[in-house]
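Asker: model this:
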Amino acid sequence: MTTVAPRLESERGSPRGQAVIELLSSMRFAISLLTIICIASVIGTVLKQNEPSNNYVNQFGPFWAEVFTTLKLNTVYSAWWFLLILAFLVISTSLCIARNTPKILVDLKNYKENIREQSLKAFHNKAEGSLNELPQAAAHRLGALLATGGWKVKLQERDTPAGKGWMLAAKAGAANKIGYIAAHSAIVLVCVGGLLDGDLMVRAQMWFGGKEIYNGGGLIADVPAQHRLSERNPAFRGNLLVAEDTASGTAILNQSNGILLQDLPFVIELKKFIVEYYSTGMPKLFASDIIIHDKATGEKQEARVEVNHPASFKGINIYQSSFDDGGSTVKLQAVPMSAATRPFEVEGTIGSSTDLSNGTEKLSLEFTGLRVINVENLSGGQGPNGQAVDVRKVDLGSAIEQRLGAGHKTTQTKSLQNVGPSVSYKLRDAAGQAREYNNYMLPVDAGDGVPVFLLGMREVPSEPYRYLRPPADENGELLGFIRLRAALDTPELRNRAVQRYASKAVDPKRPELTQQLADSAARALGLFAGLEKVNGKSSSGLQALADFLESNVPQDERARAGEMFVRILNGALFELDAVAREQAGAKSMPEDKVQGFMSQAVLALSDAPLYPAPMTFLLKDFKQVQASVFQVARAPGQSIVYLGCALLILGIFAMLYVRDRRLWVWLSPHGDGTHATMALSSNRKTMDVDREFDQLTTRLLGRSEKKS
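Answerer: Next up is the predicted model:
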């Protein structure tokens, strides 16, 4: 006994090894891995992948950004733990296939014809009957009858006390078990294809080939070789930006803390980039007419790349990913936001920067973007861009009608309009802090008949732009508003405007009220200009007037006092604009435009202190150069994944819709005829099985006695 046990253990393997194999090949282990992969895939879908670290800090804060980086959630699909889980899933599923496939293949060949007669009586679906023929003849007749119905039949002759008996064993639906093998093999193929097409090859070159991530700057041609991947790299997926009338043959592989460069065996030259838009302003078509230059042979091949219609060359697919600016040139006019700065013009290329100075303050102007088409919703209905609801005009019938009808019907009418080009730029101070600005080239009519310039600003990229809306003057320029704001900051012009307003507003019969009104107007202009602190707090604009009324006027008199204050402010500002125009030698504004201009100017002057830049830059001219962003990929696992998907579809279909059935008919001698005992088994108990058994019983045995 002591000599046999070690031999058996060595043949079967150690208990610990058997336990490990048992765990790896178990269904619960595979399902656990699939659950983790699904959760990780959800995270990878929701959380943007391979973004710069600053983007995560700005969006989620430093704590969560560090958590994402530590757990590699910002690079889920290339994280070591994700690749390890995929590898374990491949091993687990492969072991499961290796364990069960031999059993399935043996079972496919086995008709189980040795089953005993007594065992047939234990089945759920069973029946007995009599046949007027000998067992041998009945067996061959019933076998031929089943064969015509798609059953595979095997006959076995047995000796019984009453004579020769025959066991008829038949089976159908063997594809159900083949579906099990196909579905599990599909999981292995898809995972293997995913590993091949993922970052595994790139990671392997970094681990064993001495390749390093590059996080510096400069020209692509100057990047050292240790940051470049060979043209023979078996699998990669990168981005390639090519401007019109230029060519490039080096793709960029984005990594969490830098980039890798992938040299291509060809160069892509962009002849023309074509983009078409829907009425909503969304792009409808991306298309690139390109020429592919083979580096080895010099061969040229023209191709057209569209979304969902890639080009292919030397096993590398070229996809149309998006488009970008290819180095457009812009001419900007610097418009001072105060009288201290003189206007000037500056030219630059998108993606470049230039140095500026604001007195002793040094600034850097970075040209970041140019958009030629901007389609906006300028409807006057309810909503952010609309008007308030007038409760005196509520129509119950119309209100009900708006909520009836099709589910896609909206109660807000959209008025989509192309408002023209816009330019984006950043102003960066000497400390490196930058604010981003977005200005539209042309004044926009927001629906109230007063064209305004849209001057956008935001502190961080994750925030939406906030817009200052100064009105355009009678010449469609910003000069009228800037002149009025400069006059508001000039004491001499304010005093002249106050005196002129007071002399015009007071009845000549009561000259003693002139000075009182002048003092009130001077107080209103001073508060509006931010020259006076209220309750020790500095403020300006309409907020300063509200703070003053709240602290100096009783609550029951604030409404009347506020109305009076606003009327005085509007009159003083009107005279201030007239004084400023006289000093500049400009003509008076036409009467039909004065009210709209001044109403919008009051609002813009109130918000102007929140616009932190000393100047704003308006787009005067531009020359657009477009660039196409291609995704280039060599994916050897693509065919493997497609094969896996096909097997998965076939396997699931076979397992769900094909029933594995086995039928036995025991034919024993009974007088001059045969006694038949029939039973049917299936891998799934359904009403269809019962119905099929009834049909088989009638077909094979005729009138029979069923037993349950």
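
Asker: Show me the domain layout of this structure.
Answerer: Structurally, the chain divides into domains by automatic domain parsing as follows: 14-106, 113-173+659-707, 199-234+236-326+627-634, 480-588.

Asker: Can you give me the end-to-end span of the shortest one?
Answerer: Criterion Cα to Cα, to the nearest Å; first-to-last residue distance in domain 14-106 is 27 Å.

Asker: likewise the third one?
Answerer: In domain 199-234+236-326+627-634, first residue to last residue: 12 Å (Cα to Cα).

Asker: What average pLDDT does the longest helix seen in the chain get?
Answerer: Taking DSSP state H as the criterion, the chain has its longest helix at helix 80-109. In this model, helix 80-109 has a mean pLDDT of 88.

Asker: How far off centre is it?
Answerer: 34 Å (Cα atoms, centre = their mean, to the nearest Å).

Asker: quick one: contacts of the very next helix or strand once past it?
Answerer: Per DSSP states H and E, the first helix or strand lying C-terminal to helix 80-109 is helix 117-120. Contacts made with helix 117-120 from outside it, assessed by Cβ atoms under 8 Å, 6 or more residues apart in numbering, are listed as 126, 664, 666, 668, 677-679. From N, CA and C alone the C-beta is placed, and that goes for glycine too.

Asker: same question, stretch 137-149
Answerer: By Cβ under 8 Å, 6+ apart, stretch 137-149 touches 131, 133, 153, 155, 166, 168, 170, 663, 665, 667, 674, 676, 699-700.

Asker: again, 6 Å this time
Answerer: Outside stretch 137-149, the residues that touch it by Cβ atoms under 6 Å, 6 or more residues apart in numbering are 131, 153, 155, 166, 168, 170, 665, 667, 674, 700.

Asker: Dump those residues into a markdown table; add pLDDT, neighbour count and distance to K426 as well.
Answerer: Output for the contacts of stretch 137-149, formatted as a markdown table (pLDDT from 0 to 100; neighbours: other Cβ atoms under 10 Å; distance: Cβ to Cβ, whole Å):
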| residue | pLDDT | neighbour count | distance to K426 |
| --- | --- | --- | --- |
| L131 | 90 | 21 | 94 |
| V153 | 94 | 21 | 81 |
| L155 | 94 | 18 | 87 |
| W166 | 93 | 25 | 91 |
| L168 | 94 | 27 | 86 |
| A170 | 94 | 24 | 79 |
| V665 | 94 | 28 | 86 |
| L667 | 93 | 26 | 92 |
| T674 | 91 | 23 | 96 |
| L700 | 90 | 21 | 85 |
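
Asker: Please convert those residues to TSV, extending it with distance to Q595 and secondary structure.
Answerer: Converted to TSV, those look like this (distance: Cβ to Cβ, whole Å; DSSP: H, G, I helix; E, B strand; the rest coil):
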residue	distance to Q595	secondary structure
L131	107	strand
V153	98	strand
L155	105	strand
W166	108	strand
L168	102	strand
A170	96	strand
V665	101	strand
L667	107	strand
T674	110	strand
L700	98	helix
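
Asker: hmm, back to that, neighbour-wise, which of the contacts of helix 117-120 leads?
Answerer: W666 (28 neighbours; other Cβ atoms under 10 Å).

Asker: just checking, it touches M678?
Answerer: No - with contact defined as Cβ atoms under 6 Å, W666 does not reach M678; the gap is 7.8 Å.

Asker: what sits against E459?
Answerer: By Cβ under 6 Å, 6+ apart, no residues touch E459.

Asker: Where does pLDDT dip in the stretch 251-400 of the chain?
Answerer: Confidence mapping of the stretch 251-400 of the chain against pLDDT under 70 gives the ranges 280-281, 338-341, 358-359, 377-400.

Asker: An error on my part: the question was meant for the chain.
Answerer: Residues of the chain that meet the cut-off, pLDDT under 70, sit at 1-13, 280-281, 338-341, 358-359, 377-415, 446-447, 703-708.

Asker: Output the longest strand belonging to it.
Answerer: Identified as the longest strand of the chain according to DSSP state E is strand 258-277.

Asker: What is the distance between the next helix or strand after that one and the centre of its chain?
Answerer: The first helix or strand that comes after strand 258-277 along the chain, using DSSP H and E, is strand 283-294. Centroid separation for strand 283-294 versus its chain: 23 Å, with Cα atoms, centre = their mean.

Asker: how about strand 283-294: buried residues?
Answerer: Buried residues in strand 283-294, counting neighbours by 16 or more other Cβ atoms under 10 Å, are found at 286-290, 292-293.

Asker: before we move on, what about stretch 222-229?
Answerer: By neighbour count on 16+ other Cβ under 10 Å, the buried set for stretch 222-229 is 223, 227-229.

Asker: Can you pull the phi/psi pair for D199?
Answerer: Main-chain dihedrals, D199, degrees, to the nearest 10: phi -90, psi 10.

Asker: ok, for it, nearest residue in space, not its chain neighbours?
Answerer: Distances taken as Cβ to Cβ, 6 or more residues apart in numbering put S78 closest to D199, at 3.6 Å, once the chain neighbours are dropped.

Asker: burial of the one you found, as a residue count?
Answerer: Close neighbours of S78, defined as other Cβ under 10 Å, add up to 18.

Asker: For stretch 617-630, buried residues please.
Answerer: Counting neighbours by 16+ other Cβ under 10 Å, one finds that the buried residues in stretch 617-630 are 617-619, 622, 624-630.
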